[in-house]
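# how would this look folded up:
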Amino acid sequence: MATTYVRMYSDEDGESHFETLEVEFREVDYAPPADPMFVSDLEDATRAGFVMAVPGPLGDWHPTPVRQYMIPVSGEFEVTVTDGSKRRIGPGRPLLLEDKTGRGHYTEVVSEEPAVVAVIHLPD
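Have a look, this model is predicted:
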């Protein structure tokens, strides 16, 4: 079993790009006595919380302040990277932000309602 998510990163020249990554699952006893579940490799995290943004642009181009997963709970946003690619990200579609250098990305909430996103900060 597998699923995918989007990674946003900066190359050695500071240009940002998207990449689709695959998550592999294996069956393990994750929460006994519950039946075995399919679990991916687990990563260390440093902080977690929620961010909410109202419809419209989120300011100017900016790099991510920390390496982080963003998992939309509600609303939809569009992200543009410096190579010109755009992705719409909606509820349940994780995005891994690693574009800590260069111009970063441009984000706009495109849904009529605010976008609520769970954020998980990762160690560098």
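
# Can you tell me the SS state at the residue lying farthest from the centre of the chain?
Distance from the C-alpha centroid of the chain, by C-alpha atoms, centre = their mean, peaks at Pro33 (31.7 Å). Following DSSP: H, G, I helix; E, B strand; the rest coil, we place Pro33 in the coil state.

# got a pLDDT number for it?
pLDDT recorded at Pro33 is 96.

# ok, now Leu21?
According to the prediction, Leu21 has pLDDT 97.

# now swap in Glu27 and tell me
At Glu27, the model reports a pLDDT of 96.

# That one and Val39: what is the separation?
Using C-beta to C-beta, to the nearest Å, one gets 8 Å for the distance from Glu27 to Val39. The way it works is simple: take the backbone N, C-alpha and C, and place the C-beta from them, glycine included.

# Can you list the strands that the host helix or strand of Thr4 pairs with?
In this structure, Thr4 sits in strand 2-10 according to DSSP states H and E. Sheet pairing here is set by DSSP bridges, and for strand 2-10 it gives strand 16-24 (antiparallel), strand 95-98 (parallel).
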